[in-house]
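**Q** Provided below are the primary sequence and the corresponding predicted coordinates.
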Amino acid sequence: MRARELHANLHLLDRQVISADDGHPVCKIDDLELTFDEEGRPYIVSILTGPLALGPRLGGLVGRLMVAVTELFRPEEDPGPQRLPMRLVSDIDSAVTVGGTPQEAALEHWARVNLIAPLPGSGAEPVARDRHPARIGEVTGELRMSTLLGRRVLDADGRPVGQVADVRLRQDGPMLGDVQHAFRVAGLIVVPRHTGRLFGYERGPHGPGPALVRALVRGLHRDSRYVTWEQVDDLGEDVRLNADTGALMPLSDLYRPVSADEGQESGPTA
């Protein structure tokens, strides 16, 4: 059985996270935190949520304001986004299901400590105010998924190929808490700069959406390429490849139907 494959931008970012216990919303996935395995390949270690995850991803004036306002309510010396370890994830579908007890979001914690607890009869237990409390969630990652998206890609001769529109993930990484394998970066979806974000319509005749829309988007992305991890030479300010543009797989070939001889997928592959 082949390892499960997903796309970070299409299947994870901005998805709702719900509790496995009661199905109630926990948060949204505002970014993903990655670290590197022994082979130097990045894999997802945490879900990032909250304004300090979404703000840098949005960028611009709106993103900077979001971060600045949030930091006013955060007493930590070096505040960071809320982190949910990927080992808590029990299912990935239209929503992402997590087990265990995720930590309280920063804004909810601030409201409980500063607004609710002081009220007579609130029933909330007083919380000691630490001048410099620990940041929320253990910092274990070295790279944010959002910093990969939109990064320029150059081939082995330094010629521009396009920009990263999505990151293909395969669940074949290190074990997370002896529960499940981590999702590692399997490759990059690279599109010409003018084509913008992908929404799944480019996935060939078996993709979602009306046939006319699929045909238009496939035409728009006819120069898009799939870069395998083995073709990545360096993840610097630009992604540099060890292959020429002509050696890269056309994106349409990535989504060809899987034959019975190739086995069943354990989850969605596009």
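**A** The structure has been received and is ready for your questions.
**Q** not counting the longest helix along the chain itself, show me its contacts.
**A** When the chain is parsed with DSSP state H, its longest helix is helix 60-72. Residues outside helix 60-72 that contact it (CB atoms under 8 Å, 6 or more residues apart in numbering) are Gly50, Pro51, Leu52, Leu54, Gly55, Pro56, Arg57, Leu58, Pro79, Ala106, Leu107. Backbone N, C-alpha and C define where each C-beta goes, glycine included.
**Q** lowest-pLDDT helix or strand in the chain?
**A** The least trusted helix or strand in the chain, going by mean pLDDT, DSSP states H and E, turns out to be helix 106-111, with a mean of 52.
**Q** and the average pLDDT for whichever helix or strand comes after that one is what?
**A** Counting by DSSP states H and E, the next helix or strand C-terminal to helix 106-111 is strand 143-144. Strand 143-144 shows a mean pLDDT of 92.
**Q** who does strand 143-144 pair up with?
**A** Strand 143-144 has the following sheet partners, assigned by DSSP bridges: strand 31-36 (antiparallel).
**Q** just want the angle from the longest strand along the chain to strand 31-36.
**A** Scanning the chain for the strand with the most residues, using DSSP state E, yields strand 160-170. Computed with axes from the mean of the first three to the mean of the last three CA atoms, to 10 degrees, the direction of strand 160-170 lies at 90 degrees from that of strand 31-36.
**Q** other SSEs contacting strand 160-170?
**A** In terms of contacts (3 or more CB pairs under 8 Å, 6 or more residues apart in numbering; DSSP states H and E), strand 160-170 is packed against strand 5-7, helix 145-148, strand 152-154, strand 184-191, strand 225-228.
**Q** run the last query once more with 7 Å
**A** Counting contacts by 3 or more CB pairs under 7 Å, 6 or more residues apart in numbering; DSSP states H and E, strand 160-170 packs against strand 5-7, helix 145-148, strand 152-154, strand 184-191.
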